[in-house]
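> This is a predicted model, with the sequence first.
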Amino acid sequence: MSAATGNEPAGGEPLKRGNMCGIIGYIGRDDAVDVVVEGLRHLEYRGYDSAGVAFPTGGGIEVRRCKGKIKDLEAIVYADKPVANVAIGHTRWATHGVPSEYNAHPHSSDNIVLVHNGIIENYLELKEELTGAGYRFTSETDTEVLCHLIDRYSREHSFEEAVMMALKDARGAYAILVLSVSEPQKMIGVRKDSPLVLGIGEGEFFLASDVPAFHTRTRRVVFLEDNDMVVLSPGGYRIMDLGGNEIERKAEMIPPMAAGADRGGYKHYMLKEIHEQPRALSDTLRGRIFPERGEVNMSEFRLDEDVLRGIDRIFIGACGTSWHAALAGKYMIEQIARTPVEVDLASEFRYRGPLIGANDLFIAITQSGETADTLAAQREAKRRGALTLSICNALGASSAREADAVFYTHSGPEIGVASTKAFTAQLFSLYLFALMMAKVRGSIDGREAAGMIAELMRVPDKIEKIISNEDAIVSVAKELFKARDFLYLGRGILHPIALEGALKLKEISYIHAEGYPAGEMKHGPIALIDEDVPVVFLVQGGLLKEKVLSNIAEVKARGGRAVVVAGEGVLGEVGQADYAIGIPETNPYLEAVLMAVPLQLLAYHIGVLRGCDVDQPRNLAKSVTVE
Ligand code: AGP
């Protein structure tokens with residue numbers, strides 16, 4: 001571990017992460033175009049504004065691409081179905097250039113066709129040089145320079161050499177798949193700062209941004225490292241570095257993917273994933289607890305007990321929904337394990353010169369494990385000498401591989417762009433972590449820990465109960481789906497859940513929504529209250545209950561509408577709710593988990609009532625691999 005002194009200015013290592021597209025390539029015994037289009041469907045969560053495929057034909061390489069989603073691509077691909085045993089494909093989230101047919105990948109030069117997930121930082125300078133050399137550009141993308149560069153080198157060098165030489169000239173982040181007209185039975189893939197996984201099947205090979213692209217066909221994979229170059233041909237694969245030296249990479253069998261990439265009869269992935277939570281959370285727990293002993297299985301965290309005992313402070317870095325989990329985790333860890341926790345938005349962490357060092361633990365929380373800012377924060381923490389733990393859902397993702405320790409949330413692939421089951425699984429993981437730390441540091445006794453674990457095990461059933469009451473939430477959605485703005489208010493651990501409720505609603509319904517600590521309402525947000533701005537109150541028993549009840553009265557006094565979400569007991573004490581949503585009783589930490597569920601359902605049904613594309617909301621992508 002290379003420790004920094006801690007006195008360096010803010011900034012950390014420069015970030016080079018690519019755009020958020022999905023790529024897949026296939027060589028094998030089957031119909032390559034079919035396999036690639038199917039793979040793109042599973043990668044569509046990464047971007048969905050345009051798509052394309054390329055495959056060798058008798059005389060060259062044909063490209064078919066379009067603006068729109070994979071279903072639009074299917075229409076042009078299957079109008080007259082091509083036959084090929086080699087193909088590459090791309091689904092795009094636009095960075096350089098508007099979503100359009102001409103900016104869609106694959107891009108081509110005379111002899112070269114490629115797809116790219118990433119950003120070429122020096123593309124303007126390369127473009128000028130290549131234009132001078134006679135190359136004509138037909139897109140606004142940074143990617144096109146790579147095609148022409150490789151093409152230029154391929155005139156005097158082998159295909160492999162041309163790729164290596166071109167990449168020496170290019171600066172930035174990339175995962176690329178390249179085809180050559182001169183060697184149509186060969187595909188070259190290279191990664192640097194953008195993910196690329198090799199899948200090895202029976203007589204077939206895959207290169208893709210993520211395992212779900214091919215997991216139904218093979219589970220044997222090589223997670224490639226930066227600067228690995230893979231050369232695929234129908235007979236096999238070779239891996240080399242960018243100097244052309246052959247290297248060995250271990251193939252591993254990944255476990256079958258739990259909940260799969262189909263909607264299983266649901267109208268949307270988001271709804272399926274909300275409903276899946278009882279099962280997903282049971283999977284998060286499996287093998288991680290000893291219920292009879294009332295203990296957490298510490299080996300799962302792969303962190304040494306003495307090391308944990310010596311930790312001064314914990315820092316958690318994350319983005320979006322995962323950041324909300326981090327904020328809730330602070331309450332759990334500080335209150336249960338009595339260890340100080342600082343939570344950072346990962347995008348800010350490395351720029352603030354964080355005072356983190358050798359006795360600190362940095363926890364990265366990331367569903368995808370590929371979020372650029374979270375990875376950069378994790379690297380910055382490591383650079384400053386901290387121990388790093390990744391709480392991650394995607395197997396083999398960069399965050400998990402780079403961390404000193406990893407705790408997989410095991411909630412299964414999450415396809416809906418709005419995170420739901422991954423969030424509650426992150427909360428579960430943090431609760432387990434807090435209990436483990438508490439044991440190591442002696443902050444709670446065995447009986448208390450056993451009680452907390454027993455309660456944790458009851459949560460999946462309690463979520464089942466909330467879901468069985470979905471009709472009541474649909475009725476609330478029907479009343480409120482035309483609202484202009486929403487406020488979500490909560491206190492303590494319910495403040496992050498309020499933030500999450502607001503984020504869910506704005507992501508999928510495009511209604512402006514804000515989450516706030518209820519105690520802050522009087523300091524500003526109260527100015528917004530009228531009959532068009534419903535306020536969702538998350539109310540917990542205990543110390544702060546009366547104060548939140550007063551906030552509800554204040555909203556009602558100003559003509560506002562109050563939606564109250566609370567445990568059954570507390571709900572009975574709320575006289576002034578316009579709409580009441582009850583959840584089963586549990587401890588305050590797990591109440592945060594339970595409350596997330598009705599908020600997810602409310603956002604979902606409001607989004608659907610407004611006719612929004614809830615699985616693929618506009619402008620978003622599942623895996624945010626740009627800064
Ligand atoms: C959640 O609904 C989001 N779409 C988004 O905020 C997400 O949580 C964020 O981008 C972080 O992703 P990660 O967990 O994969 O790092």
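Thanks, I have the structure now. In this text, all values refer to a predicted model and were calculated from it rather than measured experimentally.
> is stretch 506-515 up against the ligand anywhere?
Yes. Stretch 506-515 is in contact with the ligand by C-beta under 6 Å from any ligand atom, via Glu507. Heads up, the C-betas are built off the backbone N, CA and C, glycines and all.
> What's the end-to-end length of that stretch?
11 Å (C-alpha to C-alpha, to the nearest Å).
> how about the residues of this protein near the ligand?
Counting by C-beta under 6 Å from any ligand atom, the residues of the chain near the ligand are 319-322, 366-368, 371, 374, 417-419, 507, 620, 623-624.
> now, among these, which is nearest to Ser50?
For the residues of the chain next to the ligand, the residue nearest Ser50 by C-beta to C-beta is Leu620; the value is 15.4 Å.
> Please report the number of neighbouring residues for that closest one.
By the other C-beta atoms under 10 Å criterion, the neighbourhood of Leu620 contains 17 residues.
> Contact partners for it?
Neighbour list for Leu620: Val417, Glu507 [criterion: C-beta atoms under 8 Å, 6 or more residues apart in numbering].
> coming back round to it: ok, and the most crowded of the residues of the chain next to the ligand?
Thr366 (34 neighbours).
> Got the phi and psi for the residue of the chain found nearest the ligand?
Going by C-beta to the nearest ligand atom, the ligand is nearest to Gly320 of the chain, at 1.9 Å. Here is the backbone geometry of Gly320 (degrees, to the nearest 10): phi 50, psi -130.
> so it touches Ala418, yeah?
No. Gly320 is beyond contact range of Ala418, at 9.8 Å (criterion: C-beta atoms under 8 Å).
> confidence score at Ile473?
We note a pLDDT of 97 for Ile473 in this prediction.
> Quick check: chain neighbours aside, which residue is closest to it?
Nearest non-adjacent residue to Ile473, counting by C-beta to C-beta, 6 or more residues apart in numbering: Leu601, 4.6 Å away.
> still on that earlier bit, closest to Asp461 among the residues of the chain next to the ligand?
Ser419 (22.7 Å).
> wait, what's in contact with the closest one?
Gly320, Thr321, Ser322, Gln367.
> go on, Lys69?
Glu44, Tyr48, Ala51, Gln616.
> cool, and Leu308?
Contacts of Leu308 (C-beta under 8 Å, 6+ apart): Leu361, Met436, Met437, Val440, Arg441.
> please redo it, this time with the cut-off set to 6 Å
Taking C-beta atoms under 6 Å, 6 or more residues apart in numbering, we find Leu308 in contact with Val440.
> What score does the residue of the chain closest to the ligand have for pLDDT?
97.
> ditto for Ile119
Reading off the model, Ile119 has pLDDT 87.
> about what we covered before: take the contacts of Lys69 and lay them out in JSON lines including secondary structure and distance to Val406.
Below are those laid out as JSON lines (DSSP: H, G, I helix; E, B strand; the rest coil; distance: C-beta to C-beta, whole Å):
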{"residue": "Glu44", "secondary structure": "helix", "distance to Val406": "27"}
{"residue": "Tyr48", "secondary structure": "coil", "distance to Val406": "29"}
{"residue": "Ala51", "secondary structure": "strand", "distance to Val406": "32"}
{"residue": "Gln616", "secondary structure": "coil", "distance to Val406": "29"}
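> In TSV, list those residues along with neighbour count and pLDDT.
Formatted as TSV, the contacts of Lys69 follow (neighbours: other C-beta atoms under 10 Å; pLDDT from 0 to 100):
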residue	neighbour count	pLDDT
Glu44	22	85
Tyr48	28	84
Ala51	32	95
Gln616	23	88
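> Switch the residues you listed over to JSON lines; also include distance to Gly22.
Shown next, in JSON lines, are those (distance: C-beta to C-beta, whole Å):
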{"residue": "Glu44", "distance to Gly22": "7"}
{"residue": "Tyr48", "distance to Gly22": "9"}
{"residue": "Ala51", "distance to Gly22": "9"}
{"residue": "Gln616", "distance to Gly22": "13"}
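> which one of these sits closest to His605?
Scanning the contacts of Lys69 for proximity to His605, where the rule is C-beta to C-beta, the winner is Gln616, at 17.5 Å.
> Looks like that closest one contacts Arg46 (just checking).
No. Gln616 is not in contact with Arg46 according to C-beta atoms under 6 Å; the separation is 10.7 Å.
> who touches Phe362 in this structure?
Neighbouring residues of Phe362 by C-beta under 6 Å, 6+ apart: Phe315, Ala381, Ala386, Thr388.
> Now it: closest residue in space, sequence neighbours ignored.
Using C-beta to C-beta, 6+ apart, the nearest residue to Phe362 is Ala381, at 3.4 Å.
> Let me see the contact set for the one you found.
Counted by C-beta under 6 Å, 6+ apart, Ala381 has contacts Ile356, Phe362, Thr388.
> Contacts for the helix or strand where Thr321 lies, please.
Under the criterion of DSSP states H and E, Thr321 resides in helix 320-337. Here helix 320-337 makes contact (C-beta under 6 Å, 6+ apart) with 316, 318, 339, 341, 343, 345, 365-366, 419, 423, 426-427, 430-431, 434, 437-438, 441, 443, 493, 496, 499-500, 589, 592.
> Would you mark the buried spots in that helix?
320-333, 335-337 (16 or more other C-beta atoms under 10 Å).
> Show the subsequent helix or strand relative to it.
Beyond helix 320-337 in the direction of the C-terminus, DSSP H and E gives the next helix or strand as strand 341-345.
> List the contacts of that following strand.
By C-beta under 6 Å, 6+ apart, the surrounding residues in contact with strand 341-345 are Ile314, Phe315, Ile316, Gly317, Trp323, Ala326, Leu327, Lys330, Ile333, Glu334.
> For Asp304, state which of these is nearest.
Ile314 (15.5 Å).
> looking at it, the closest one is touching Leu361, isn't it?
Yes. Shown here, Ile314 and Leu361 form a contact pair, counting by C-beta under 6 Å, at 4.9 Å.
> now the strands: where do they sit in the stretch 501-627 of the chain?
Taking DSSP state E, counting those that start in this stretch as the criterion, the stretch 501-627 of the chain carries its strands at 512-517, 535-539, 562-567, 579-583.
> nope, the stretch 351-500 of the chain is what I was after
Under DSSP E, counting those that start in this stretch, the stretch 351-500 of the chain gives strands at 360-366, 387-392, 405-408, 485-490.
> so of the ones you listed, which one's packed in deepest?
strand 360-366 (a mean of 29; mean count of other C-beta atoms under 10 Å).
> what mean pLDDT does it have?
Rounded mean pLDDT across strand 360-366 is 98.
> Phi first, then psi, for the residue of the chain most remote from its centre.
Computed with C-alpha atoms, centre = their mean, the residue of the chain farthest from its C-alpha average is Glu156, at 42.0 Å. Note on Glu156: its backbone torsions stand at phi -120, psi 0 [degrees, to the nearest 10].
> List the residues that contact it.
For Glu156, counting by C-beta under 6 Å, 6+ apart, there are no contacting residues.
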